[in-house]
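> Sharing a model that was predicted from the sequence below.
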Amino acid sequence: MSIVLRPLRSDDSARVLAWRNAPHVSAHMYTDNAIGEAEHARWLTSALAAPDCRYWIILLDERAVGVANLVGIDPRNRRADWGFYLGEEAARGSGVGRAALYVLINQAFGPFGLRRLTCTALAENEAAWTLYESMGFVREGRLRDHIQKEGRFHDVLTFALLDQEWAAARSGVEAKLLGTGIDPSSLAVREA
């Protein structure tokens, strides 16, 4: 199984829009409206041009299956927020998410030279925050009634991982990847 992150391109637009509107993805986003083509086009233009953001397509055996990102990259304070989702349902539950996050973390703490990665998740998205904690992320807080979605308010959990925490957790994560048949040395970021 080969998992590679390659830069998001404008020709990914239709696929990414379909993923963003897919029920298994949108259920965990902070909005509950269907994303229209004009709104998506504005987002994509911004995502491709923003100097403090990097977006990648997650490739599983050269097939696009999801999106990963670093946003709010702050070189001075050496921190960023991150996120990812698997748009192709068939890729879920196979270790692809863990592998993509592994690549993303290594990219952040390696070439980007960051010290701190942060993320959030809806409190009811246990699959997400369980994954984050298994990768070494520390739960830093709970934002009560933070997001209104589908007519009710939801709590949001906040997480962070420091570079030295990743250094301590990395070998354990690699063992988990190997246990699912994914060789960590085969995971990569492709520049084009």
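The structure has been received and is ready for your questions.

> So which residue is dead centre in the protein?
The residue lying closest to the centre of the chain (Cα atoms, centre = their mean) is residue 84, at 2.1 Å.

> Wasn't that one part of a helix?
No: assigned with DSSP: H, G, I helix; E, B strand; the rest coil, residue 84 falls outside any helix and is strand.

> That one pairs with what?
Beta bridges link residue 84 to residue 68 when assigned by DSSP bridges.

> I'd assumed residue 54 was in contact with it.
No: counting by Cβ atoms under 8 Å, residue 84 sits too far from residue 54 to count as a contact (12.0 Å). Backbone N, C-alpha and C define where each C-beta goes, glycine included.

> Return every residue with contacts to both of those two.
Jointly contacting residue 84 and residue 54 under the rule Cβ atoms under 8 Å, 6 or more residues apart in numbering are residue 69.

> average model confidence for the longest helix anywhere in the chain?
Across the chain, the longest stretch assigned as helix under DSSP state H is helix 163-179. Mean per-residue pLDDT for helix 163-179: 96.

> Please work out which residues outside that helix touch it.
95, 98-99, 102, 105, 109, 114-116, 134-136, 138, 161, 183-184, 187.

> one more time with 6 Å, if that's ok
102, 105, 109, 115, 135, 136, 184 (Cβ atoms under 6 Å, 6 or more residues apart in numbering).

> pretty sure residue 145 contacts residue 153?
Yes: using Cβ atoms under 6 Å, residue 145 is in contact with residue 153, at 3.8 Å.

> Contacts only, for residue 17.
Applying Cβ under 6 Å, 6+ apart to residue 17 gives the contacts residue 40.

> returning to that earlier point: for the longest helix of the chain, which positions count as buried?
Of all the residues in helix 163-179, those buried under the rule 16 or more other Cβ atoms under 10 Å are 163, 165, 166, 169, 170, 173, 174, 176, 177.

> what's the closest of those to residue 127?
Ranked by distance to residue 127 (Cβ to Cβ), those are led by residue 176 at 15.0 Å.

> From residue 164, how far off is the closest one?
According to Cβ to Cβ, to the nearest Å, residue 176 stands 20 Å off from residue 164.

> Report how many residues lie close to the closest residue to residue 26 other than its chain neighbours.
The shortest distance from residue 26 to any non-neighbouring residue, by Cβ to Cβ, 6 or more residues apart in numbering, is to residue 20 (6.7 Å). If you count neighbours by other Cβ atoms under 10 Å, residue 20 ends up with 19.

> Are we agreed that residue 20 is in a helix?
Yes: counting by three-state DSSP, residue 20 falls inside a helix.

> wouldn't it be in contact with residue 36 here?
No: the pair residue 20 and residue 36 does not pass the contact test of Cβ under 6 Å, sitting 10.7 Å apart.
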